[in-house]
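**Student:** what's the 3D shape of this:
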Amino acid sequence: QGQLVESGGGLVQAGGSLRLSCAVSARTFGTFKAMGWFRQAPGKEREFVAAISWSGSTTSYADSLKGRFTVSRDNAMNTLDLQMSSLKPDDTARYYCAASTTTAWARDTSVEYNYWGQGTQVTVSS
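**Tutor:** From the prediction side, this is the model:
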């Protein structure tokens, strides 16, 4: 759809950090409510990473990622970010930005989101 564009992926050593960003046009961002990040590793299903409510006041994380990943949004700059730290080889995946025009809550299921980016690759070496 070309309305969500991720950036910030790359190759990093285990223990390192990366910050992913999802850019959205101002006109489109105004229609988005909850937003989130999902990831998909080769041979695996897409899985929930983190989500943030429309206001930014509520966040949700996959249990295994709590304390290492932080999701944030800047409604003035039309961006969604994911700060990742203490990265592990198991975090290697393609990371997708997602947005919902229907729900304002930080949901953890992909069906809640009706707009998706093309993804950005994160590779963590051991």
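**Student:** which residues are contacting the worst-scoring helix or strand of the chain on mean pLDDT?
**Tutor:** In the chain, no helix or strand scores lower on mean pLDDT, DSSP states H and E than helix 26-29, which sits at a mean of 81. Helix 26-29 has contacts (C-beta atoms under 8 Å, 6 or more residues apart in numbering) with Gln3, Asn75, Asn78. Backbone N, C-alpha and C define where each C-beta goes, glycine included.
**Student:** over to the second one: give its phi and psi.
**Tutor:** According to degrees, to the nearest 10, the main-chain angles of Asn75 amount to phi -70, psi -20.
**Student:** could you check how far it is from Arg39?
**Tutor:** 24 Å (C-beta to C-beta, to the nearest Å).
**Student:** center of the protein, which residue is that?
**Tutor:** Compute the mean C-alpha point of the chain, and by C-alpha atoms, centre = their mean the closest residue is Trp37, 2.3 Å away.
**Student:** done for today, thanks.
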